[in-house]
Every structure is written in C-alpha cells, then in structure tokens.
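K.L.:
coordinates only, sequence not included:
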C-alpha cells in the first residue's frame, strides 16, 4: 500500500534530450511554516504559491483542527485566519500527518506550550520514525508525551499549562528539532535559546522575524545561537512561496545525465541553508548556471539552467554541507552513478531516519541497477560508471519514500535498461505534478 492508496508501480525508460521549462511546486518547508505561523497570528495571512502536496494539505487540515480558519480560493490563493500565539483549541479528532515528519514535528512544537492535548498519527512510514528528538526538548517546557515504544507515533502530547523558557543545544543537525523548539518558545515567557553547532535551514527564523517575532541569531564559539523572546503578537503576512529547491533537484539532475538536455527551472529558492546540492553538482563539473539572481519575500531566488554534463567527476562531498542538502543525497547518488570515479558522502546519519533508511534504500537499488556502492552507519560511496555506463533494468523498493521513488525514476531516464519502482504513490506528498512535468520535458515516465 502507498501512503494514501494502493501501490502504484511506475517505470522510467531511456529518454531523448529533455528540453523546456520545469515549473516545480512551491517550497515544502516554507509552505508548512506559512500555514503554522499564519495560524498563530492574529488576523488573515494570505499565501500564494503554496505547495499543494499531501504533506502540506495535512498540515492545513491540522491547523483547522486547532481552531484556525484555513481556506483556498479557486485561483490557488490560501487564506489563514489565525487564533494567536497560545490560542490553539483542543482538537476533537486525532491529527493525521500522513507522511510528513516536518509537519508533525513542527505542529507538536507549536502546541507544546498550549494547555491542551492532542493525539498524532501518520502513515506506516511516519509511524516508524523517532519522535523523541522533538518530544525530549518539548518536555523541558513542561509538555508530556506518551507514545509507542521507541518514542514513535501514534502519540499523545499534553501541552504545558505553565510553560517555562528553555535553553537547548540541538544534538544533531536538524531544522525540524530547532523549529519545534522555537515554535514552542513562542508561548513561553522570557527568552528561549536554541544553539546549533552546525547551521541548518533557517526558514523558521526568517519567517518568525517576518511575522514580527523578536528573534536574534548570533555566530559564537558554541555555534549558531538563536534567541527568541516569547509571547509576541504575530502579525499576519502576505507570503509568496518560492519554488522548492528539493523538487527542482529532480529535473535538474535528470538534465545533467540525459544526453542533449537543456532545462530551465525558474524561480527557485536559493536560501544558503538549502543550496548545497547545486554547489556540489558544480564541484563535480555539472553545467549548471544561476540566472536572474534576485530576492523575493526575504529569500534569495534564481532561475536554474541545467545542461547535459557527460564529464562529471566523483568528489568527496564536504560533510559540513550535509545539512544544506540532506534531502538531495538520494538523487545526488544517481548523478554520482553517471560520473567518473567515486563520490563520497559522509556525516549523513540523518538519512538513516528519514521517511525511509535512505542510505540502505538507495544502496540496494543502485546495486540492483549495476552500480557499486559501499555504505556504513553515517556514510556511503557511489563508484561512478561514467556518462553511459549504468545498466539499469531493476525494480527498486521505495519504502513509501517519495524521494527514493523519484530518484530511481530519474536513473531510468539515462540507464541502458528501464528502471521500475514498486510504488510511485508517495510522490504526491511533495511533488504531485512530478510525472506530467517530467513527461512535458520529454521524459519517458509512466505507469508500469
């Protein structure tokens, strides 16, 4: 079974040159945060360009359950009438976050300092993922969590009636954990401080400032220190969501490995905490250019042009780049398979606890497709076979993981024999227009 229905087997075949413009959906991270912070504001927040994948739709439904009014116009404009910081109502039903680790962890943070209880669940994949990394710091505010063994969903969270501010050092690089603590800190008195030794995506900090929160970020000997003053009155905003760099990764990487390709991906968010993949591809020798650089809504934006790059070389990806491209390692490993030499990816243990164990899933599928892969607890190495050297001809298990599914479909566009994935259904959680967008460029992707 897929996350939201029967398994949908898909196949990708070697394709002619990919050409055209790829208008990928809105940024998933920013979409989640726009809905949540809109719900915590007083007044109406208007959002355009929202990603309408299932993950984000589940967050919208959750905000309704907590008392916000969330509506969508026919033209795709979303309206969120918020209830204010600390104003969440106790939901009458279980909150189902589907496949979204970001959604459930951020929502838990937002409600952890409200005097209410809520029960959270998700699909089979999400219910296997560890939640203690969030519930442990939320307990410092006074919240209590009761869930399955190993701190897994379904889980009931009892918000703190008298929350206290927290000073918390994030033990592993995680924007989700950082964001959950900051959102909890909104309804705590005084100042909540989050320290991260390695910088992670900073959409939450940027957006909190945009909504009127008093938040200061400093670089110190401890790392990045973020100080949030609690109990602000957040001001509603008009938000234009930039297009998602994690989604852009798929048409970009496909263009790099399919002979003759030339693809433009307009209006991509290039937040420095999210752009690691594109810099890594350039380091490998990819023909990738940033055009029309500009700023929109406080976020750097550009148009990305990707052209076929048959002379890419394997590299050692700097471990300190991991946080800025953690979701892109699966499709990077596909590109690495078509490069010459070894691509080393280290310091990536977070991949073991994403929607699936992404290191194991990609290593197994790549090996089945004829690529040599080594892997360990927090590293893996892909031994590239050159621009025209990947046999393909395998079926990859996706483990209900949208990025695994899309990565192996991209592989099939340039491998000698087609690649099949056992379930493309989860792709809808983040990139609902993936198949028509790719086929419009010339990709041979469809039902198996």
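P.N.:
Great, that's in hand. Just so we're clear, the structure is a prediction, and the values are computed from it rather than from any experiment.

K.L.:
Quick check: phi and psi on the residue lying closest to residue 346 once chain neighbours are set aside?
P.N.:
With sequence-adjacent residues excluded and distances taken as Cβ to Cβ, 6 or more residues apart in numbering, residue 346 is closest to residue 379, at 4.2 Å. For every residue, glycine as well, the C-beta is placed using N, CA and C. Main-chain torsions, residue 379, degrees, to the nearest 10: phi -150, psi 160.

K.L.:
Residue 379 and residue 345: what is the separation?
P.N.:
Using Cβ to Cβ, to the nearest Å, we find residue 379 at a distance of 6 Å from residue 345.

K.L.:
For the two, work out which one has more neighbours and name it.
P.N.:
In this view residue 379 and residue 345 are compared by other Cβ atoms under 10 Å, and residue 345 has more residues nearby, 26 against 16.

K.L.:
Any figure for the gap between the more buried one and residue 240?
P.N.:
Note on residue 345: its distance to residue 240, by Cβ to Cβ, is 33 Å.

K.L.:
Now do the same for the closest residue in space to residue 64 that isn't next to it in sequence: helix, strand or coil?
P.N.:
The shortest distance from residue 64 to any non-neighbouring residue, by Cβ to Cβ, 6+ apart, is to residue 70 (5.2 Å). Classification of residue 70 into helix, strand or coil gives strand, according to DSSP: H, G, I helix; E, B strand; the rest coil.

K.L.:
quick one: contacts for residue 70?
P.N.:
If a contact means Cβ atoms under 8 Å, 6 or more residues apart in numbering, then residue 70 has 35, 38-39, 60-61, 63-64, 78-81 as its contacts.

K.L.:
so where do the strands sit in the stretch 51-200 of the chain?
P.N.:
Listed in chain order, the strands of the stretch 51-200 of the chain (DSSP state E, counting those that start in this stretch) span 69-72, 78-83, 95-96, 117-121, 144-148, 152-158, 167-170, 191-196.

K.L.:
Would you mind pulling the contact partners of the helix or strand following the last one?
P.N.:
What it means is strand 191-196. Sequence-wise, the next helix or strand beyond strand 191-196 is helix 203-210, with elements assigned using DSSP states H and E. Contact partners of helix 203-210, identified using Cβ under 8 Å, 6+ apart, comprise 27, 29-30, 33-34, 37, 175, 178-179, 182-183, 186, 215, 217, 226, 228, 237, 239, 271, 273, 297-299.

K.L.:
low pLDDT regions in the stretch 51-200 of the chain?
P.N.:
Of all residues in the stretch 51-200 of the chain, none has pLDDT under 70.

K.L.:
how near is the residue lying closest to residue 148 once chain neighbours are set aside to residue 117?
P.N.:
The spatially closest residue to residue 148, leaving aside those adjacent along the chain, is residue 154, at 6.7 Å (Cβ to Cβ, 6+ apart). Residue 154 sits 13 Å away from residue 117, taking Cβ to Cβ as the criterion.

K.L.:
repeat for residue 266
P.N.:
From residue 266 over to residue 117 the distance is 44 Å, taken as Cβ to Cβ.

K.L.:
and what of residue 415?
P.N.:
Residue 415 sits at a distance of 50 Å from residue 117 (criterion: Cβ to Cβ).

K.L.:
Comparing the two, which shows the higher neighbour count?
P.N.:
Set side by side, residue 415 and residue 117 show more neighbours around residue 415, with 28 against 15, by other Cβ under 10 Å.

K.L.:
does that one sit in a helix, a strand or a coil?
P.N.:
Three-state call for residue 415 (three-state DSSP): coil.

K.L.:
coming back round to it: which among the contacts of residue 70 count as buried?
P.N.:
In the contacts of residue 70, burial by neighbour count holds for 35, 38-39, 60-61, 63-64, 78, 80-81, counting by 16 or more other Cβ atoms under 10 Å.

K.L.:
Among these, which pair sits farthest apart?
P.N.:
61 and 81 (15.2 Å; Cβ to Cβ).

K.L.:
Using the three-state scheme, assign residue 43.
P.N.:
Here residue 43 is recorded as strand under three-state DSSP.

K.L.:
number of nearby residues for the nearest residue to it once chain neighbours are set aside?
P.N.:
Nearest non-adjacent residue to residue 43, counting by Cβ to Cβ, 6+ apart: residue 236, 3.9 Å away. The number of residues packed near residue 236 is 19, by other Cβ under 10 Å.

K.L.:
looking at it, residue 236 is touching residue 45, isn't it?
P.N.:
Yes. Under the criterion of Cβ atoms under 8 Å, residue 236 lies in contact with residue 45, with a separation of 4.3 Å.

K.L.:
Which residues are in contact with each of the two?
P.N.:
With the criterion set as Cβ under 8 Å, 6+ apart, the overlap between the contacts of residue 236 and residue 45 is 38, 80, 82.

K.L.:
The last one: what's it in contact with?
P.N.:
Contact criterion Cβ under 8 Å, 6+ apart gives 38-45, 68, 234, 236 as the residues in contact with residue 82.
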